[in-house]
Every structure is written in structure tokens, then in C-alpha cells.
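Undergrad: Model the following, please.
(2 chains)
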2 protein chains.
Amino acid sequence: MNIYDIAKLAGVSIATVSRVVNDSPKVSDKTKEKVRKVMEDNHYTPNVFARGLGLNSMKTVGLVCPDVADNYMAKAVAYLEKNLRGYGYDCILYCSGYDEEDKRQAVELILKKRIDALVLVGSNYAGGSEEEASYIKEVASEIPVFMINGYIDGENIYCTLADDYQAVYDATEELIFAGKKRILFLSNSDSFSAMQKLKGYEDALKAHKMPIREELKFYTENSIHRTRDNLLLRRNLEFDSVIATEDGLAIGALKYAKARGISVPGEINVVGYNNSELSISCEPELTTVDARGEILCKTAIDSMMALLGGEEIEQKHMVKCHLVKRHTTDF
Amino acid sequence: MNIYDIAKLAGVSIATVSRVVNDSPKVSDKTKEKVRKVMEDNHYTPNVFARGLGLNSMKTVGLVCPDVADNYMAKAVAYLEKNLRGYGYDCILYCSGYDEEDKRQAVELILKKRIDALVLVGSNYAGGSEEEASYIKEVASEIPVFMINGYIDGENIYCTLADDYQAVYDATEELIFAGKKRILFLSNSDSFSAMQKLKGYEDALKAHKMPIREELKFYTENSIHRTRDNLLLRRNLEFDSVIATEDGLAIGALKYAKARGISVPGEINVVGYNNSELSISCEPELTTVDARGEILCKTAIDSMMALLGGEEIEQKHMVKCHLVKRHTTDF
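TA: Below you'll find the model as predicted:
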């Protein structure tokens, strides 16, 4: 018997139950009575979840990301830590690595700490199977879980997402309008976000009645030099443009072009992803998608504070990306 | 009356006092008796410091850095978190910002948490005045403080440092041997590390009887485009080579050269610092100093574990840097 069951039995929202637990003046006496009766009848004692809603709070948030040395995650963690501290919350950080078992273990370990909420940074916590999502749902039965650019449909899981699907759809379409026929999709991941990007790529091709060629979906490591070398090993692979799921991969493509004496953007257009500092380090400077990491973090914090304050919040927020046009594309 | 006073009065080391507090079998009964008598005579009750040495441990380490979105710090924090967790320690992260008052406040705030040790990441905590060091010394009177690439001479403060002085001395000398006469020192900071680098630059010039020109010490922001623009604003400034205290600044110099049609390394040699991912993103790829951040973190963790285990440790570890030669220099 948990807070969800109580909410269902009482015919009210979870937030209302939490307000009753916290004896909020926002709830009518009649509703309070009804909810309390359901709680009593079912021997429900609010504990961990109520804690997450402000009772016995340790004013501590758990942050879990695969690798804080990654550019995107580092910026997100910096933003989250700074702004949560502004609200008086401390952050415990766990870097989980990318392996499924390690991720599960990190999330389970951090739950043993007295944290008010868990934030999962990056889309690697919702890549795969239903099974993978199950341990996150378990955590969410105790404390609220906030996902930054990941999505799991479940109670007490709140997701802020960049619209990676639309961003790649739009970029692919721009390449098609620029006359490109063979667009390479360059990826290093099967994360939730990478899957959205792939779908955007494929749907844009379909919408313009262009074939989806398996050989143009190119998987590599998130390493500039390895990406270059892997492309050089496949030098018979013809393409006139590249959409990469990370700036580092796009720069690997630039290095490949340089090694082969292919001009960019003259012969090949290249689009990166994340608008990281890497994208202004290279030559030519990279056209790239700004995935709005800071806005995602801000939205998550706003939602968390509203929830911890007893308000009802949306389960899903979608944020539009923005294409930053620099010098590796014709458009 | 603190543990240092007890150690002094008893004529033993701090570590010995802590071993007595922890009733370690490594200490002879005679010494135990002597130390306990001094403690009794002086009404000394071991508390916070003893906690830091394994009693009442929360198995938690505080990590403070100015900005975890910075490449160097992100890598350090990732390494520290992962490896401290390997020893069963959780990490609380505070990003302090760069302002003196904010840094002081972050350190004071994190001390209120029950942490076993404090790690200060980056050389920004020991840049300036004696006064600045005073709040760190205060913390060190309660728990051990570990500085990653910073240095303060004080009890219970343990420092692992890259030999930035020698690294810049050597790089400057290489440029001199390559016939360079006007070497630009490009910096964005007056941190402890930046001061060591400046001294290395000046001493190498002196050793080779070359003048130290004030106009060739160029201060800018840690931004690629702003560095380029600031150099363009001073286009009458003549230089034939650059040593930068950060890779981002060095890449700003590359962008400046490109904007003016100056060839690298043909007309200008450029040396960066940190061997970050930026240094392989640019063209030509950057000759840069590997400041051995991971080794510094490893050394700090090894020292911490030894100390928390009751051993005596060195107050200062110096690690040699390594010049990574790529394509922006003649050597």
C-alpha cells in the first residue's frame, strides 16, 4: 500500500494526498477527512514519500549521471548544483558509468541516503528495455524522480526533454533542401535521445520520399580521432553530408574530410549536436543543435520546488531545440 | 586546545595522537599512557578531528570546485567521485564560483555537513592573500583538507600539485631554442597555478638573458572568441609565439592567426595547457601541456585513505607535467 494506492482509493491526486499528509490549508476539511479515513482503513503511514514532500527533509538531492567529465552532463550538474543550493538543497553526486548493472546499482545506492528527490542526468537512463525502467519506477515509489532528457512513463517520474526528434528532423530537411542525397547519420549510442534523433532522421527522409539506407547509419565511439579513423576505414562509403548525435563525432567527420582533402562545406555539409565548446574550437566552426540543457535543468528545478511545495506538476515538459548555423553547412 | 597542541605537548606526531584516540595496536602502551595523560591534563576531548580519522565517520567527502562545467575540474570531480565511492565514500559537491566571498562561503557551508575530509579542486583556492588562506586553515583545524593543484602551507592541509612552473619553464625554453624572440604569455587568471606558470615563463627568459616585456603578458577571458577578439584589438602587438595557461586561450590565439592570415606554426608557434578535448578539436591540433589531473586526484585519494587509516602522510606531493607535441609548434 503506497501513496498512489491511497490516492486511487480516495479518488484524489497524489499531490492532494501529500497536502493532507502535510496538513495543507489548501485542502478542504471534507477532503482531508476522506483521505485520512482511507489511510487509516489501509494502515497507511506516510514515510519516505512524505519526507520527499517536505517532512523530515534532509534538504538533499541526489544527482546521478553516467560521467560528469562529459561536457553536456558537466554543464547540467553545474547548473543543478548551483541552483538547488540557491534553494537550500545540497547535492550528492554519483557518476554511474554507462553499464546497465552499474547504473542500476548507483541508483539503488543513492536511494539509501536520505535524499528528498533524485535527478537522473542525461538520456542514458531510459534507453532500452522496459526492464531497465523498472528500477527507476521502484525508486519513484519512494521519492520523486526527475529525468533530464530522458523519458519513462510512470507515477512520480517527471521528465524534461529536448525535442531531439524534431531538431534532427528539421536539420535533415534543411540538408535535403540544400540538395543533399546521401546523408550520413553518425551516432555513438542507443540512448533514448539517440533513438529520437534516429527517428527524426528517418522520418524526414520518408517525408521527402528518399530511401533509408542502412549503410548510412554509422555507429562509432564518442572520440574525435576514432570517429575519423573509423570513417577512413570505410572510405568507399559515399556521403555528401553528416548529421551527428554529438559534436565530438561531427568533429571526427571534419578530421576525416581534412585527411582525405574533401572540402567542408563545399563537398560535405556537417551538423553537430549540443553546441558545446568543441563546436567553436574546430575549423570551420560547426553548425550544431543547441539542445537547451540549461533550460531543461531550470524546468526540472522549478518542477521539483513546486512538487516539494505540495503543488501538482506536469509529468512531461518538452523543450524546443535551436539550430546554431555556423560554417560547416551551406544553409 | 586541539590535536596539534596535544601532539606538541606529548612530543609525538598528530598521527600518533589519532592512533591513540582510535586505540590502534600500532602504538606502544607507554606512548598511549603518555598521550592520554596529556589529553586528560588539558581536558582534551577528541571530537571533530577524531571523526575525520574514522570515528563516527559518515563516510562522506566534501568536494568543492569553482565550476564543474570547466573541463579540467569536471574530469577531476569525475575521477574523485568514482574512486572515493570505490572506498565506500559518498561525495557532496559544491560549486563555489570564483569570487573570494563565494568561495569562503561554500567552504564554510560544506563544513557544517558531517564530512570526513574536504577536497578543494583546482588552484583557485590558493591564489591570493594570506587572508584568503585563513578560512581554509580554519577548516583544517577540524577536518583534513586536500588541495588538488593548490598549495597552502598549514597543518592538516595536504597538497598534490602539478609542477606547472617547470612545465612552462621547459616549454618557454623550447620556444627559445626554436629561435622565438617575442613569446606571448596568455593568461586569464591569477590563481596559484597561473602564478607558477608566469614565474616559469619569466625565469626561462631570464636564464636565457632575454628581456621580460610587460606588454607580452596578455590577460584575457577564458573564452575562445573573446581571446581572439582581444588580440585583434591589439593588432600592433608583435609576437612570434604563444604560451597559454588554458587550451581555450591557445585556441583563441589560433583563431586570431586565422583571422589575420598568419600561418601556424609557420609564423607563430602556439602552446596550450591541460591537454583537453579542445586541443584535438582545433586545426592544427594543439601542442599542449598534460597537467596530469588524474594523477593528482589519485595521489590525493591515496593520501586521504592513508591518513584516515591513521598513517602519517606527506604534506606536499609534486607531479611532473608532460608536453604533448602536436602541430602548432616547430619542435
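Undergrad: so what's A:Thr245 closest to, chain neighbours aside?
TA: In this structure, A:Thr245 finds its nearest non-sequential neighbour in A:Ser187, 4.4 Å apart by CB to CB, 6 or more residues apart in numbering or on different chains. Quick note: C-beta positions are derived from backbone N, CA and C, even for glycine.
Undergrad: and what of A:Glu294?
TA: A:Tyr79 (5.5 Å).
Undergrad: Mind giving me the packing neighbours of whichever strand or helix holds that neighbour?
TA: Using DSSP states H and E, A:Tyr79 maps to helix A:71-86. Counting contacts by 3 or more CB pairs under 8 Å, 6 or more residues apart in numbering or on different chains; DSSP states H and E, helix A:71-86 is packed against strand A:60-65, strand A:90-95, strand A:117-121, helix A:293-308, helix B:71-86, strand B:90-95.
Undergrad: what angle sits between the second one and strand A:117-121?
TA: This points to strand A:90-95. Relative orientation of strand A:90-95 and strand A:117-121, computed by axes from the mean of the first three to the mean of the last three CA atoms, to 10 degrees: 40 degrees.
Undergrad: Each with direction, which strands does strand A:90-95 pair with?
TA: The partner list of strand A:90-95 in its sheet, established with DSSP bridges, is strand A:60-65 (parallel), strand B:90-95 (antiparallel).
Undergrad: Redo these as CSV? Include mean neighbour count, distance to A:Thr328 and mean pLDDT.
TA: Output for these, formatted as CSV (neighbours: other CB atoms under 10 Å in any protein chain shown; distance: least, CB to CB, whole Å; pLDDT from 0 to 100):
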stretch, mean neighbour count, distance to A:Thr328, mean pLDDT
strand A:60-65, 24, 29, 94
strand B:90-95, 23, 33, 91
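Undergrad: Could I get those in JSON lines, plus columns for distance to A:Ala15?
TA: What follows is the strands paired with strand A:90-95, written out as JSON lines (distance: least, CB to CB, whole Å):
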{"stretch": "strand A:60-65", "distance to A:Ala15": "19"}
{"stretch": "strand B:90-95", "distance to A:Ala15": "29"}
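Undergrad: how about these, which one is nearest B:Tyr201?
TA: Among these, the nearest to B:Tyr201 by CB to CB is strand B:90-95 (29.9 Å).
Undergrad: Next, the angle helix A:71-86 makes with the closest one.
TA: 80 degrees.
Undergrad: roughly how far out does strand B:90-95 sit from the chain middle?
TA: 17 Å (CA atoms, centre = their mean, to the nearest Å).
Undergrad: Ok, stretch A:149-166 next?
TA: With CA atoms, centre = their mean as the basis, stretch A:149-166 stands 7 Å off its chain's centre.
Undergrad: Please apply the same query to stretch A:203-218.
TA: That offset, for stretch A:203-218, works out to 25 Å (CA atoms, centre = their mean).
Undergrad: residue contacts, A:Ile301?
TA: A:80, A:83-84, A:87 (CB atoms under 8 Å, 6 or more residues apart in numbering or on different chains).
Undergrad: Now stretch A:73-92: buried residues?
TA: With burial defined by 16 or more other CB atoms under 10 Å in any protein chain shown, the residues of stretch A:73-92 counted as buried are A:73-85, A:89-92.
Undergrad: Could you do stretch A:3-20 as well?
TA: For stretch A:3-20, by 16+ other CB under 10 Å, it's A:3, A:6-7, A:9-10, A:12, A:14-20.
Undergrad: What is the nearest of those to A:Arg235?
TA: Using CB to CB, the buried residues of stretch A:3-20 come closest to A:Arg235 at A:Ile14, 56.7 Å.
Undergrad: From chain B, how far out is that closest one?
TA: Computed as CB to the nearest CB, to the nearest Å, the A:Ile14 to chain B distance reads 29 Å.
Undergrad: What pLDDT does the model give that residue?
TA: pLDDT, A:Ile14: 74.
Undergrad: One more: the one 4 residues further on?
TA: According to the model's per-residue confidence, A:Ser18 sits at a pLDDT of 76.
Undergrad: Any chance of the backbone angles for it?
TA: Backbone torsions for A:Ser18, taken as degrees, to the nearest 10, come to phi -60, psi -40.
Undergrad: same question, A:Asp190
TA: phi -120, psi 30.
Undergrad: how close does it get to chain B?
TA: 22 Å.
Undergrad: Tell me how many other residues crowd that residue.
TA: 13 (other CB atoms under 10 Å in any protein chain shown).
Undergrad: what do you get for A:Tyr72?
TA: A:Tyr72: 24 neighbours (other CB under 10 Å).
Undergrad: can you list the residues of the stretch 51-200 of chain A near chain B?
TA: A:63, A:67-71, A:74-75, A:77-79, A:81-82, A:85, A:90-95, A:97, A:113 (CB under 8 Å from any CB of the partner chain).
Undergrad: Can you say which two of the contacts of A:Ile301 are spatially most distant?
TA: Farthest pair in the contacts of A:Ile301, by CB to CB: A:Leu80 and A:Tyr87, 10.9 Å.
Undergrad: check contacts around the closest residue to A:Arg213 other than its chain neighbours.
TA: Ranked by CB to CB, 6+ apart and with sequence neighbours excluded, the top spatial neighbour of A:Arg213 is A:Arg182, at 7.4 Å. By CB under 8 Å, 6+ apart, A:Arg182 lies in contact with A:213, A:216, A:238-241.
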